[in-house]
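Undergrad: Coordinates for the following, if possible.
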Amino acid sequence: MKAIQTLPSAMAIGILLLSNYAYANDKLIPIEQLTDYPLELLTEFKESKELCKGAQYGVVEYESPLSAKPGYITKADVTGDGIEDYIVNTERLVCEYGASIWGNFPSFNVYQGLANKKAKIIYSSTSFNVSDEIYPRVVSNEQGFFDIQEIGSGRECGQEGNFSFASMEACEITQHWNKRIQDMETKSIKVLSFE
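TA: Numbers count the residues shown, from 1 in each chain. Take a look at the predicted model:
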């Protein structure tokens, strides 16, 4: 009988140890340590931390509840002006209070790097999680700078009609910065197959 009574506690301790082990392998960085970025990015980091804190339920309180996995911030020249731009991917955040507060369609923002360590947001989107690969990702283009690949779903992939979440198609969308119109535009869409 005592063994049955201690089973829930033993399971909870096991789950806690496994979750800490997984986090240790991900090389998490507390969000407060990300300080060497333009003010516009620091503001986004602060907003994400507040969102995470808002998910707190119960009495356990962490000193630093929000951490970033590698790939949270990607630096690459997306606009082709010779200055590094920033891709901020919320899918790479870990919130101790709510593991899935960003859901299956986590958002990402692209900031154009400007002179004097400033930045401005030039593109926002979501990227559906379909594999262990990190999306959005940057890929070099024929013009010597970088495009952004993200995962789209359903109508973004050209799927028509009514469809369930289970039958929704996924596709890899390559976005390219158009210098003439100063905006991102779709360069290609490739429907993905998971068979």
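Undergrad: Now do the strands in the chain.
TA: For the chain, the strands defined by DSSP state E cover 29-30, 66-68, 73-76, 85-89, 93-95, 107-114, 118-126, 137-140, 146-153, 170-178, 183-191.
Undergrad: And the third one, what does it pack against?
TA: This means strand 73-76. With contacts defined as 3 or more Cβ pairs under 8 Å, 6 or more residues apart in numbering; DSSP states H and E, strand 73-76 has these neighbours: strand 85-89, strand 137-140. No exception for glycine: its C-beta is placed from N, CA and C like everyone else's.
Undergrad: lowest-confidence helix or strand of the chain?
TA: helix 2-25 (a mean of 39; mean pLDDT, DSSP states H and E).
Undergrad: where in the chain is pLDDT low?
TA: The chain contains residues with pLDDT under 70 at 1-26, 58-60, 99-100, 130-131, 194-195.
Undergrad: Highest mean neighbour count out of the helices and strands packed on strand 73-76?
TA: Mean neighbour count (mean count of other Cβ atoms under 10 Å) peaks for strand 85-89 among these, with a mean of 24.
Undergrad: tell me how far it is from the chain's mean position?
TA: Remark: strand 85-89 is offset 9 Å from the chain centroid, using Cα atoms, centre = their mean, to the nearest Å.
Undergrad: Done for today, thanks.
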